[in-house]
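Enquirer: Build me a model from this:
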Amino acid sequence: MVAKPELKNRVLQRIASGEAFHFVGKDKWRIGERTVHVRYRSGPKSRGTVFSCNINPNTLTADYEIWICGDAETYYLFPIKLMKDIYDDPATYVDATHPKIRVAEVDTASHRVLFGRNAKSFDGSKYFRATLRDFG
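Expert: A predicted model of the protein is given here:
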């Protein structure tokens, strides 16, 4: 099993496409002019393919959000605008014990990202294994 720091490093190398990166604190790294927030989940929540993640105020201070789901081959790179839209949506699930945290999950088999009541979701396939070059 790969250690968590090494796993994050592998994903950061992939999304940076050769650019240097460095740690800036609170699960955030700087790549060129962009800041990425990294969220790692070691194991699935259910059915072997569903990983839950949260969106918190620290997440929203980055330019991009990375969800690593178990290994370096299974990750999603989301623009922070998308995370803000989810965070601000009135249907989004709120953490029961931390009202400033929003809860979402991704099914890595279908790439469906579920985040709210009435099965509010979107197709996350275009964010799967994305790099910063994919966003210009």
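
Enquirer: Can you list the neighbours in contact with the lengthiest helix in the chain?
Expert: Ranked by residue count and defined by DSSP state H, the top helix of the chain is helix 4-16. When contacts are defined by Cβ atoms under 8 Å, 6 or more residues apart in numbering, helix 4-16 is touched by residues 2, 21, 29, 31, 36, 38, 40, 42, 64, 66, 68, 71-72, 75, 77, 129-132. The C-beta positions use only the backbone N, C-alpha and C, and glycine is treated the same way.

Enquirer: buried residues in that helix?
Expert: For helix 4-16, a neighbour-count test (16 or more other Cβ atoms under 10 Å) marks 7, 8, 11, 12, 14, 15, 16 as buried.

Enquirer: likewise stretch 80-97?
Expert: In stretch 80-97, counting by 16+ other Cβ under 10 Å, buried: 80, 82, 83, 86, 87, 92, 93.

Enquirer: List just the nearest of those residues to residue 114.
Expert: Compare each of the buried residues of stretch 80-97 with residue 114 using Cβ to Cβ and the shortest gap goes to residue 93, at 8.7 Å.

Enquirer: pretty sure the closest one contacts residue 102?
Expert: Yes. With contact defined as Cβ atoms under 8 Å, residue 93 and residue 102 form a contacting pair (6.5 Å).

Enquirer: Mutual contacts of these two, please.
Expert: In the contact map built from Cβ under 8 Å, 6+ apart, the residues linked to both residue 93 and residue 102 are residue 115.

Enquirer: Where does residue 85 sit, in terms of helix or strand?
Expert: helix 80-88 (DSSP states H and E).

Enquirer: For that helix, the averaged confidence score.
Expert: Mean pLDDT, computed over helix 80-88, is 98.

Enquirer: residue nearest the centroid of the chain?
Expert: Central residue check for the chain by Cα atoms, centre = their mean: the C-alpha nearest the mean position is that of residue 67, 2.7 Å away.

Enquirer: Since that was my last question, I'll sign off now.
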